[in-house]
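1. pasting the sequence and the predicted model now:
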Amino acid sequence: MEKTYSLTAHYDEFQEVKYVSKYQSGTLPNGLALQLGAGAKKRRGGLPRWSRREVCLLSGLVFAAGLCVILTCMLVLKYLAAEGDSYCLEGCQEKKAFLRASRFLSANMDASIDPCQDFYSFACGGWLRRHGIPEDKLVYGTIGAMAEQNEAKLRALLSRPVRRRARASAERKVKEFFRSCLDRAEIDRLGARPMLEVIGECGGWDAPPERRDINELLYKTQGVYSAAVLFSLTVSLDERNTSRYVIRIDQDGLTLPERTLYLGQDEESEKILAAYRVFMERLLTLLGAEHVEQKAQEILQLEQHLANITVSEYDDVRRDVGSMYHKVTLAELQRITPTLKWKRLLDRIFHDNFSEEEEVVLLATDYMHKVSDLIRVTPSRILHNYMLWRIVVVLSEHLSTPFRDAIHELSKEMEGNEKQLELGKICLSQANKHFGMALGALFVEEHFSSASKAKVQQLVEDIKYILDQRLDELDWMDEETRRAARAKLRYMMVMIGYPDFLLKPEAIDKEYEFEVDEKTYFKNILNSIAFGIRLSVKKIRQEVDKSAWLLPPQALNAYYLPNKNQMVFPAGILQPTLYDPEFPQSLNYGGIGTIIGHELTHGYDDWGGQYDRHGNLVHWWTERSYSKFLKKAQCIVNLYDNFTVYNQRVNGKHTLGENIADMGGLKLAYYAYQKWVREHGPEHPLHHMKYTHDQLFFIAFAQNWCIKRRSQSIYLQVLTDKHAPEHYRVLGSVSQFEEFGRVFHCPKNSPMNPVHKCSVW
C-alpha cells in the first residue's frame, strides 16, 4: 500500500520539535513555555479557548517574528553576495587570466615533439603551423602580433580630435603630421618637385665646375639633410669621459646595409647588387637626370671603392672599442684627411669658431686617410653626383607613389616582402620616428599604469639581486674583478615605462619647436630633420643628461647603453604577452623577465664589459679574470659557429654579445623566479595544462621567439644581424642551462642536455 503523508501532521510534528528544543535550550521565558506546555496537554480534548485579544496579540508577535526572520535572511544573503562578488573580482579575474594564458601557450605548442630533442619546435610548433607571414612583412612572430596591437592603439589615438590646439602643442603637431602623410593625393600631385628643389639648391646633377664645391656640399649633406656622405659625423658621449659630449667621426656612406653586398662574393649578393643598380636608374630617371646608366654606374663604382676600404662590423677591430678610439685635434684631423676643410665644415654646422686644438673622436683613422686619397683621385663631377645621391636616398621615401614603388621593388629583391606596407602603417612609422615622445605621451596616458611600472621595477630588482648572488658563485672571477662588477651593478640606472616629463604637456611641446602643416608633408620632414640637427649641435656645449631616453615609450624594444650604464624598458614592451600583471609569474619571468636579464647581462658581455660603472671606456678587469672570460666566451663562439640556416653558417663571433646576453638572461630570470616562489609560495596550476610552472617558465621564454622569416630576409639577417636566428637563440640558451635539463627530465647527452656546456654568467 502506498504510503501517504499528512501535511498538517507533518507541520504539527515540526512545531513540537521546535518548541521543545527552544525550551530545553532555555531560550524562551518560563511563562510562555508553561503556557505552550499547557496547551499541548489539552490537545486530546480539543483546542484551547483563546480570547480575541490573545489571538490578536499572538498574531502580531508571529508577524513581527516572521518579518525579522525575512529581514535577517535578506541581510545575510546580501552580505554573502557581496563577499562572493569580492571573491570573484579576485578569484574569477585570476581564473580568467590563467585560462587566457593557458590557451595562448597551448595553441603555440606542439606537444607531440620531445622537448629534449628540439625545444623550439616543441614550444613554437603550433604557432609556426598556424601562422603565415603577412604579405607586407618580412618577418612575423608573437612579438609581431604585439606590435600590431600597439599599432592599433596608436592609430586610434592619432585619429581622435586634437584637445590642445595651441600653435606650440605637440599633440596638434603629431596629429597634423600624421594627416599630412596620409594625404597621398597631395603628395602625388607634387610628384618629384620637392626633391628637385633640394637637388637644385645643391647644384643639380652634373653641376658645372664652378658649383662643385665638395666642402660646401658636405655641409649641406651632413649639416642640413643629415645624410652620411663618405663618413658619419655625430655628437655623442665621450667614451673615455661620459660627463661630456664630443664630435665623433666614423666610417659610413654606403647605401646597402653591408659592405660585402658590393663585392659580389656569391649569387645572392650579385642579385642584390643588380637590383640596387636598377633602383638607382629608376630614381635618377624620376629626378630628371641625364645619362642615367652612366651616372648609376659611376656612383655604384664609388660606393664599391668605399666598401673596399670599410672595415666589416664582423672584424675584431670593430668590437674592440678601445682600439678604435682615437682623440685627435682638428689640426691632426686635417693632416690625416688633407682634402677636406674640417674647421670650415664644423664651424658652419655648429655655429661656432673652433680652434685647431679642439678635440674630436676618430673611430676609423685608417679609413679616413684612405677616404682622403679617394677624394683626391675621384673626378669632382662623380663626387658631386654621389653626394646628391646620398641625399636622395635619405628623402625619397617621402615622395610620390613612383618613388615608393621603386623602393618596394628593391626591398622585394633584397628581403622578399611581397606587398608594400599599407599607407596608414607607413605614416604611423613616420609619426613614431619624428614625434616619438608626443605620441608616447598619448600612449602611456591610456595604456600604461603606474601600478605596472612598480611591478616591473620589482621584477628588475629581483633579477639584479640574483646577478649580485651569482657573482659570488663564479669560480673564474677573482675578488678584485668581482668588486668592480658588483659596483657596476649597483650604479646601473634602470628606467621603466616612460620619462617623467611626458606627464607635463608643456615640456613635451619643447621637444618639437618647429612648424607643422597638414598640407606640406615633405616640408614637415625637412623641418623635423633641421630641428633634430639643431638639438644635436647644442649638446656639444651642454651638460650630459644621463636620464635622457633614446626610444619613445611606445617602442616595442628594450636596450642597455654601456656608455651610460643604463637599462631602459619602454611601456611598449611591457604589454601582453611579454608581460601581463594578471598572468602567472612563471610566464612574466619567462617572458619580460628573460629580456630584462638579457639587457642586464649586456653590461658584462664582450662589448658592454669594456665600460665601467660610470659608463667610461675603462678596462676594469684583472688580466687573469679577463683571460678566463675570453676562454668561456670562445666556447659560445664555437657553439654558434656550428649552427646553420639555409646553408649559411651563423657567425658565432659576430653574434657573441647577444648570445651571452640570451644565455645569461635566461639563468638570471629563472633563479629570480625561484626567489619569487620562495617568498610568495607556489602558484596555482595552469588550467588544462600538465606542465609545472618551472616548465612553463621555459616555454614562455621560447615563445618570445616564435617567428617566421622570408627566406630572402634570412640571408641578410645572418649577414647583418647581431642576433642569432630565433631558433638558435632558444636552443643555444636552454641546451647550455643545467636547470632546463633537470626541469624537463632530459637524458644526459640528449640534444637539449649535452654533457659539456658553455657558461659565462
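-> All right, it came through fine.
2. what stretches of the stretch 1-150 of the chain score poorly on pLDDT?
-> 1-94 (pLDDT under 70).
3. quick one, what contacts the residue most central in space within the chain?
-> By CA atoms, centre = their mean, the chain has its centre lying nearest to N557, at 1.3 Å. N557 is in contact with L551, P570, G572, I573, counting by CB atoms under 8 Å, 6 or more residues apart in numbering. Backbone N, C-alpha and C define where each C-beta goes, glycine included.
4. any of these buried? List them.
-> L551, P570, G572, I573 (16 or more other CB atoms under 10 Å).
5. for the first one, what are phi and psi?
-> This means L551. Dihedral pair for L551: phi -120, psi 150, per degrees, to the nearest 10.
6. show the pLDDT at it.
-> Looking at L551, its pLDDT is 93.
7. I'd assumed Y559 was in contact with it.
-> Yes - contact status for L551 versus Y559: in contact at 6.9 Å, counting by CB atoms under 8 Å.
8. mind listing the shared neighbours of the two?
-> Residues touching both L551 and Y559 (CB under 8 Å, 6+ apart) are V568.
9. which SS class is the residue nearest to the centre of the chain?
-> coil (DSSP: H, G, I helix; E, B strand; the rest coil).
10. what pLDDT is listed against it?
-> 94.
11. show me how the protein divides into domains.
-> 104-141+434-743, 206-219+226-399 (automatic domain parsing).
12. ends of the shortest one, what's the gap?
-> Yep, that's domain 206-219+226-399 we're talking about. 22 Å (CA to CA, to the nearest Å).
13. save the domains of the chain as TSV, and put in distance to V755 too.
-> Formatted as TSV, those follow (distance: least, CB to CB, whole Å):
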stretch	distance to V755
domain 104-141+434-743	10
domain 206-219+226-399	30
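14. among the ones you listed, which is the most enclosed?
-> Burial of the domains of the chain is given as mean neighbour count (mean count of other CB atoms under 10 Å); domain 104-141+434-743 ranks first at a mean of 19.
15. end-to-end on it?
-> End-to-end distance for domain 104-141+434-743: 21 Å, by CA to CA.
16. return the distance of that domain from the chain's centre.
-> Relative to its parent chain, domain 104-141+434-743 has a centroid offset of 7 Å by CA atoms, centre = their mean, to the nearest Å.
17. again, but for stretch 258-268
-> Per CA atoms, centre = their mean, the centroid offset for stretch 258-268 relative to its chain is 30 Å.
18. K564: which element?
-> Assigned by DSSP states H and E, K564 falls within no helix or strand.
19. surely it is in contact with T242?
-> Yes - counting by CB under 8 Å, K564 touches T242, with 6.8 Å between them.
20. mind listing the shared neighbours of these two?
-> Joint contacts of K564 and T242 (CB under 8 Å, 6+ apart) are K546, G615.
21. okay, and the helix or strand of this structure with the least pLDDT?
-> Every helix and strand in the chain was compared by mean pLDDT, DSSP states H and E; the lowest is helix 7-24, with a mean of 30.
22. and the residue lying closest to S759 once chain neighbours are set aside, what does it touch?
-> Among residues not flanking S759 along the chain, Q736 sits closest, at 6.3 Å (CB to CB, 6 or more residues apart in numbering). By CB under 8 Å, 6+ apart, Q736 lies in contact with L639, M663, P754, K757, C758, S759.
23. try 10 Å this time
-> By CB atoms under 10 Å, 6 or more residues apart in numbering, the contact set of Q736 is 635-636, 639, 659, 662-663, 666-667, 752-754, 756-760.
24. repeat that for L439.
-> Per CB under 10 Å, 6+ apart, neighbours of L439: 154, 157-158, 170-171, 174-175, 177-178, 428, 431-433, 552-554.
25. which PyMOL command selects the buried ones in those?
-> Command for PyMOL, covering only those of these found buried under the criterion 16+ other CB under 10 Å:
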select buried, resi 154+157+158+170+171+174+175+177+178+428+431+432+552+553+554
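26. any chance you could map the strands in this structure?
-> Using DSSP state E, the strands of the chain run over residues 139-141, 231-238, 241-251, 326-329, 359-362, 493-497, 559-561, 566-570, 644-645, 648-649, 707-709.
27. mind putting those into JSON lines with distance to L383?
-> Listed next are these as JSON lines, based on distance: least, CB to CB, whole Å:
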{"stretch": "strand 139-141", "distance to L383": "37"}
{"stretch": "strand 231-238", "distance to L383": "13"}
{"stretch": "strand 241-251", "distance to L383": "17"}
{"stretch": "strand 326-329", "distance to L383": "24"}
{"stretch": "strand 359-362", "distance to L383": "21"}
{"stretch": "strand 493-497", "distance to L383": "43"}
{"stretch": "strand 559-561", "distance to L383": "36"}
{"stretch": "strand 566-570", "distance to L383": "40"}
{"stretch": "strand 644-645", "distance to L383": "40"}
{"stretch": "strand 648-649", "distance to L383": "36"}
{"stretch": "strand 707-709", "distance to L383": "38"}
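28. so for Y604, which of those sits nearest?
-> Proximity to Y604 (CB to CB) singles out strand 559-561 among those, at 10.0 Å.
29. that closest one pairs with which strands?
-> strand 566-570 (antiparallel) (DSSP bridges).
30. need the mean per-residue confidence for the strand it pairs with.
-> 96.
31. likewise for stretch 430-444?
-> Stretch 430-444 comes out at a mean pLDDT of 96.
32. end-to-end on that stretch?
-> 19 Å.
33. how far does that stretch sit from its chain's centre?
-> Remark: stretch 430-444 is offset 15 Å from the chain centroid, using CA atoms, centre = their mean.
34. then stretch 143-151?
-> 11 Å.
35. would you list every one of the helices in the stretch 51-200 of the chain?
-> Counting by DSSP state H, counting those that start in this stretch, the stretch 51-200 of the chain has helices at residues 52-108, 119-130, 142-158, 170-182, 184-190, 193-201.
36. for R189, the count of nearby residues, please.
-> As a burial measure, R189 scores 10 neighbours (other CB atoms under 10 Å).
37. what of the one 3 residues further on?
-> Neighbouring residues of A192 were enumerated by other CB under 10 Å; the total is 17.
38. got the contact list for it?
-> A192 touches I199, L283, L286, L287, G288, S396, L399, S400, P402, F403, counting by CB under 10 Å, 6+ apart.
39. go again with 6 Å.
-> L286, L287 (CB atoms under 6 Å, 6 or more residues apart in numbering).
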